[in-house]
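[1] sequence plus the predicted model coming up.
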Amino acid sequence: MNTDIILDTIKNGLIDSIPNITKDQIVMDAHLKNDLGIDSLSSMFFLTFLEDNIQGFEVNADTIEAKHFNTLKSIFEYVLNEMKIPVSAI
């Protein structure tokens, strides 16, 4: 799966999980909590969406940290790292 598809899937997951946001609001430096309004419940829906829609991705309880939920870029990099795709590929 290429990185553009992964990024689009992450954006779609945010739209699916957070009420009242648009794709235009979702930029790489958008803060997931402060700018987009993600909370603990929507975070769980979001992670489930990613596992269901990104082939080969599973959330690892040992590696996921709060810092991965800072921005779209940080969650994107987390997904790539877990899938063993070099972050330099973005």
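    Received it, and whenever you're ready, just let me know what you need.

[2] tell me where this protein has helices.
    Along the chain, the stretches classed as helices by DSSP state H are 3-17, 40-53, 72-82.

[3] turn the ones you listed into a markdown table, including mean pLDDT and distance to residue 29.
    No exception for glycine: its C-beta is placed from N, CA and C like everyone else's. A markdown table is the format used below for the helices of the chain (pLDDT from 0 to 100; distance: least, Cβ to Cβ, whole Å):
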| stretch | mean pLDDT | distance to residue 29 |
| --- | --- | --- |
| helix 3-17 | 95 | 14 |
| helix 40-53 | 95 | 18 |
| helix 72-82 | 96 | 6 |
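
[4] with residue 28 as the reference, name the closest of these.
    With Cβ to Cβ as the measure, helix 72-82 is the member of the helices of the chain nearest residue 28 (4.6 Å).

[5] one step back: for residue 65, which of the helices of the chain is the nearest?
    Closest of the helices of the chain to residue 65 is helix 72-82, at 8.6 Å (criterion: Cβ to Cβ).

[6] wait, which of the helices of the chain is closest to residue 34?
    Closest among these, using Cβ to Cβ: helix 72-82, at 12.4 Å.

[7] which other helices and strands does the closest one contact?
    helix 3-17 (3 or more Cβ pairs under 8 Å, 6 or more residues apart in numbering; DSSP states H and E).

[8] swap the cut-off to 10 Å and go again
    helix 3-17, helix 40-53 (3 or more Cβ pairs under 10 Å, 6 or more residues apart in numbering; DSSP states H and E).

[9] let's have those in JSON lines, adding distance to residue 86 and mean neighbour count.
    Shown next, in JSON lines, are those (distance: least, Cβ to Cβ, whole Å; neighbours: other Cβ atoms under 10 Å):
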{"stretch": "helix 3-17", "distance to residue 86": "10", "mean neighbour count": "17"}
{"stretch": "helix 40-53", "distance to residue 86": "19", "mean neighbour count": "15"}
